[in-house]
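# With the sequence up front, the predicted model follows.
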There are 2 protein chains.
Amino acid sequence: MDRGGTARRGRGPTDPDRRDRIARAAITVVARQGIAGLTHRRVAAEAEVPLGSTTYHFATLDDLVAAALEKAAERSVAELRTWADALPPDADLAEELAAFVVRSVGEKRADTMAEYNLYALALHRPQLRRAAVAWDDALADVLRARTDPLTGRMLGVLLCGLLMQAVLRDDPVPCAEIEAQVRRALEG
Amino acid sequence: MDRGGTARRGRGPTDPDRRDRIARAAITVVARQGIAGLTHRRVAAEAEVPLGSTTYHFATLDDLVAAALEKAAERSVAELRTWADALPPDADLAEELAAFVVRSVGEKRADTMAEYNLYALALHRPQLRRAAVAWDDALADVLRARTDPLTGRMLGVLLCGLLMQAVLRDDPVPCAEIEAQVRRALEG
DNA sequence: CGGAAATGCGGACAACCGTACACATAATGT
DNA sequence: ACATTATGTGTACGGTTGTCCGCATTTCCG
C-alpha cells in the first residue's frame, strides 16, 4: 500500500503539503528549463504527481507561477535574514555582504537564476507585481535593520543589479570588486 | 504598386531592411505581450509580413530572440551614449543620471520593460549570454568615460537594479531617492 | 539574354499545451 | 452510519505553435 520509501501516506485526500510540493517543483523546473519550460505537465512530472493534480491545486497556470514567485521570494528573503541573524555585531558588513553575493552566484547559482527568472516575469503580469515589489521591500528592510532606510534601499538595489549581472556571466566576478561597491554604498 | 507611405519597393527580393524590421517588431511584441507573447506569428503580424518571411530570415525562434536582444541592447546603449554626449562638461552627474532613470521608467517605460524582459531571457540561454554581458559592459563603459572604471561598473550595476525595480512598481520612485543613491555611488 | 541564386509567400503537419470533465477515494460532520 | 465534501486521477479536446516544404518572383552576373 505504501509507495515512496518514506512512510508518507501519500495518496488519497491526505497529502497536506502537496500544494507546496507542486510550487517547489515549479521553481525547480524554472531553474532547469527556464520560463519557457514551465508547463503543467513538466511541473507534475517534477513533483511526481499526475497532471490532474496540478490543475486541481492551481486552476490556471498563472496561479502556479504566482505561487512559485511567492515561494521563491519567501525563500530568498529567509536566506538573507538568516545571513543577517548569523552576523556578529562587529562584523564588516561590506565583506560579509560580498561573501553572500559570491555564494548566491556560486553554490546557489541555480536558485538565484530561478529567482530572477520568476522576478522578471512580473514585468508583464500585473498579478505578480505586488509579490515582486514586496520582495524588493522585504530585502531592503532586512538590510535597513543593519544600517538606515536610505542605505537599506540602496543596498537592495545594488544587490539586485549585482546578482543579476553576475549570475549571467560565465566567469565569476572578483569578490574584491563586489566588496568595493558594497562598501561605497555603505559609506554614506 | 507601392505599398507603404515611403517609396520602398516593398515586395519581392528587395526589401533590404526586412530582417531589421522583423527584429524591431519582435521587440515591440515583447513590449506589449511579454515574453510569452513572442511567437513567429505575432511578430509576422506586427511587422506586416507573412509568416514564411520570419521563418526565412530567422530559421529558429531562438535566432529571432537573439536578434531582438542584440537590437534592444544596441538601442539602449545608444540612448545612454546620446545622454552622455549631450551632457555639459560641468553638469551634475547625479542629477542628470537620475533624470535619465526617471525618463526610462516614465515616458520610455515600455521600452525599458521590453529590454529587461529580453535581458532576463539570457539567464537560461547560453547563446544569449554573450550579448547580455556585452550589454552590461557597454553601459559600464559609457559611464566609465565620465568617471573611472570602478565607478563606471558600479553605476552600471546600480542602474540595472534601479531600472528593474522601478519599472515594475506602479507608483513612481521619487527622483530625489534615485539621485541620492547615484550620488553616493559617485562619491568614491 | 538566360540561368542561378536569393528572397518572398502560403499552406500543412506533427507536437505540445492549458483546461475541463467524469469518476474514484478518503475525510468529515452529524 | 451515512451523506457531503474535499481531494486525487486519468483522459479527452480544441487551439496554438514551431518548423518545414513547394512554388513564385525578383535580382544578379556572366
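Perfect, thanks for sending it. All figures in this text were calculated on a predicted structure; none of them were measured in a lab. Numbering: from 1, shown residues only, chains lettered A, B, ... in the order given.
# Skip the chain neighbours and tell me the closest residue to A:A120.
Closest residue to A:A120 apart from its sequence neighbours, by CB to CB, 6 or more residues apart in numbering or on different chains: B:A120 at 3.4 Å. (C-beta placed from N, C-alpha, C; glycine too.)
# For the one you found, which three-state class applies?
helix (DSSP: H, G, I helix; E, B strand; the rest coil).
# What is the burial count for it?
B:A120 sits with 25 neighbouring residues when counted by other CB atoms under 10 Å in any protein chain shown.
# and it, what pLDDT?
Looking at B:A120, its pLDDT is 98.
# With the one 4 residues further on instead?
In this prediction, B:H124 carries a pLDDT score of 95.
# does it really touch A:Q33, like I thought?
Yes. Between B:H124 and A:Q33 there is a contact under CB atoms under 8 Å: 7.2 Å.
# and the two? which has more neighbours close in?
B:H124 (20 against 15).
# is DNA strand D contacted by the lengthiest helix in chain A?
Ranked by residue count, the top helix of chain A under DSSP state H comes out as helix A:61-85. No. Applying CB under 7 Å from any atom of the strand, one finds helix A:61-85 separated from DNA strand D by no less than 12.1 Å.
# What helices and strands are in contact with the next helix or strand after that helix?
The helix or strand immediately downstream of helix A:61-85 is helix A:93-105, counting by DSSP states H and E. The contact analysis (3 or more CB pairs under 8 Å, 6 or more residues apart in numbering or on different chains; DSSP states H and E) places helix A:93-105 against helix A:61-85, helix A:109-121, helix A:149-167, helix A:175-186.
# would you list the ones you listed in TSV and tack on distance to B:A166?
Formatted as TSV, the helices and strands packed on helix A:93-105 follow (distance: least, CB to CB, whole Å):
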stretch	distance to B:A166
helix A:61-85	18
helix A:109-121	14
helix A:149-167	9
helix A:175-186	17
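# Out of these, which gets nearest to B:A99?
Evaluated over these, closeness to B:A99 peaks at helix A:149-167, with 17.2 Å, by CB to CB.
# Looking at chain A, which residue is nearest DNA strand D?
A:G52 (2.8 Å; CB to the nearest atom of the strand).
# Out of the helices and strands packed on helix A:93-105, which gets nearest to B:L93?
Short answer: helix A:175-186, nearest of those by CB to CB, at 14.9 Å.
# Who are the packing partners of that closest one?
Counting by 3+ CB pairs under 8 Å, 6+ apart, helix A:175-186 packs on helix A:93-105, helix A:149-167, helix B:149-167, helix B:175-186.
# Mind listing residues that contact it?
A:93-95, A:97-99, A:101-102, A:147, A:151, A:154-155, A:158, A:162, A:166, B:150, B:153-154, B:157, B:184-185, B:187-188 (CB atoms under 8 Å, 6 or more residues apart in numbering or on different chains).
# and what of stretch A:44-56?
With CB under 8 Å, 6+ apart, stretch A:44-56 has contacts from A:R18, A:R21, A:I22, A:R24, A:A25, A:A26, A:T28, A:V29, A:H40, A:R41, A:V43, A:L64.
# quick one, which of the helices and strands packed on helix A:93-105 is nearest to B:D111?
B:D111 sits nearest to helix A:109-121 of all the helices and strands packed on helix A:93-105, at 15.6 Å, using CB to CB.
# And chain B, is the helix or strand immediately after that closest one in the chain touching that?
Using DSSP H and E, the helix or strand that directly follows helix A:109-121 along the chain is helix A:126-144. Yes. Looking at helix A:126-144 against chain B by CB under 8 Å from any CB of the partner chain, the contacts come from A:R129, A:A132, A:V133, A:D136.
# May I see the buried residues of stretch A:67-83?
Buried residues in stretch A:67-83, defined by neighbour count with 16 or more other CB atoms under 10 Å in any protein chain shown: A:A67, A:A68, A:L69, A:E70, A:K71, A:A72, A:A73, A:S76, A:V77, A:E79, A:L80, A:W83.
# near chain B at all, it?
No. Stretch A:67-83 lies out of reach of chain B by CB under 8 Å from any CB, never closer than 11.8 Å.
# cool, stretch A:24-33 as well?
Yes. Judged by CB under 8 Å from any CB, stretch A:24-33 and chain B are in contact via A:Q33.
# Using neighbour counts, trim the contacts of stretch A:44-56 to the buried set.
Members of these classed as buried by 16+ other CB under 10 Å are A:R18, A:R21, A:I22, A:R24, A:A25, A:A26, A:T28, A:V29, A:H40, A:V43, A:L64.
# Name the secondary structure element that contains the fifth one.
Think A:A25. Using DSSP H and E, A:A25 falls in helix A:18-33.
# Contacts (any at all) between DNA strand D and that helix?
Yes. For helix A:18-33, a contact with DNA strand D is found by CB under 7 Å from any atom of the strand, at A:R18.
# Just name whatever secondary elements that helix is in contact with.
helix A:40-47, helix A:51-57, helix A:61-85, helix A:109-121.
# Tell me which residues of the second one come out buried.
Residues of helix A:51-57 classed as buried by neighbour count (16+ other CB under 10 Å): A:S53, A:T54, A:H57.
# Now do that helix: distance to the chain's middle.
24 Å (CA atoms, centre = their mean, to the nearest Å).
# Give me the mean pLDDT for that helix.
97.
# now could you export just the CA positions of it as PDB?
Listed in PDB are the C-alpha atoms of helix A:51-57, where the atom choice follows Å, rounded to 0.1, in the frame of the first residue of the first chain:
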ATOM      1  CA  LEU A  51      -1.300  16.100 -14.300                       C
ATOM      2  CA  GLY A  52      -4.800  16.400 -12.900                       C
ATOM      3  CA  SER A  53      -3.300  17.200  -9.500                       C
ATOM      4  CA  THR A  54      -1.600  20.400 -10.600                       C
ATOM      5  CA  THR A  55      -4.700  21.600 -12.400                       C
ATOM      6  CA  TYR A  56      -6.700  20.900  -9.300                       C
ATOM      7  CA  HIS A  57      -4.500  22.800  -6.900                       C
END
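# That concludes my questions; thank you for your assistance.
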